[in-house]
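Enquirer: fold the following, please.
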Amino acid sequence: MPVTAKQKDEHIKVKQFITDTKGNKMAAVIDMEELRRIEAVLDIIPPSEKWLYNNKQALESVQRGLKQAAKGKLRKLNLDEL
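Expert: Take a look at the predicted model:
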């Protein structure tokens, strides 16, 4: 997942959060214009990558791998082991 610097106005503007009885955020209420802005951003994600964002376990695995790579924890892949 690429990391970019964001300006303050690029964040999602939430009108209100809906919480459960323990105060955990369950949903957010946003303006329709904000929804259109979010949809436009989602449309630029290539279909070949969208599956990753829908698969939480795979996304977490990729993020772990990227963190390990950033720390230099790499090893050469032996194709014969596959």
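Enquirer: which secondary element of this structure has the worst mean pLDDT?
Expert: Lowest by mean pLDDT, DSSP states H and E among the helices and strands of the chain is helix 32-42, with a mean of 80.
Enquirer: what residues does the residue nearest the centre of the chain make contact with?
Expert: Nearest to the mean C-alpha position of the chain, counting by C-alpha atoms, centre = their mean, stands Tyr53 at 6.3 Å. Shown in contact with Tyr53 (C-beta atoms under 8 Å, 6 or more residues apart in numbering): Ile45, Leu59. For every residue, glycine as well, the C-beta is placed using N, CA and C.
Enquirer: next SSE after the helix or strand containing it?
Expert: Tyr53 is located in helix 47-54, with elements delineated by DSSP states H and E. Reading on from helix 47-54 to the C-terminus, the next helix or strand found by DSSP H and E is helix 56-70.
Enquirer: what inclination does that next one have with respect to helix 47-54?
Expert: Helix 56-70 and helix 47-54 are oriented at 100 degrees to each other (axes from the mean of the first three to the mean of the last three C-alpha atoms, to 10 degrees).
Enquirer: for the record, mean pLDDT for helix 56-70?
Expert: Averaged over helix 56-70, pLDDT sits at 91.
Enquirer: contact partners of that helix?
Expert: Met1, Trp51, Leu52, Tyr53, Leu74.
Enquirer: how about a cut-off of 6 Å?
Expert: With C-beta atoms under 6 Å, 6 or more residues apart in numbering as the test, helix 56-70 has contacts from Leu52.
Enquirer: is Gln16 in a helix, a strand, or coil?
Expert: strand (DSSP: H, G, I helix; E, B strand; the rest coil).
Enquirer: how many other residues sit next to it?
Expert: 9 (other C-beta atoms under 10 Å).
Enquirer: how is this structure divided into domains?
Expert: 13-43, 46-74 (automatic domain parsing).
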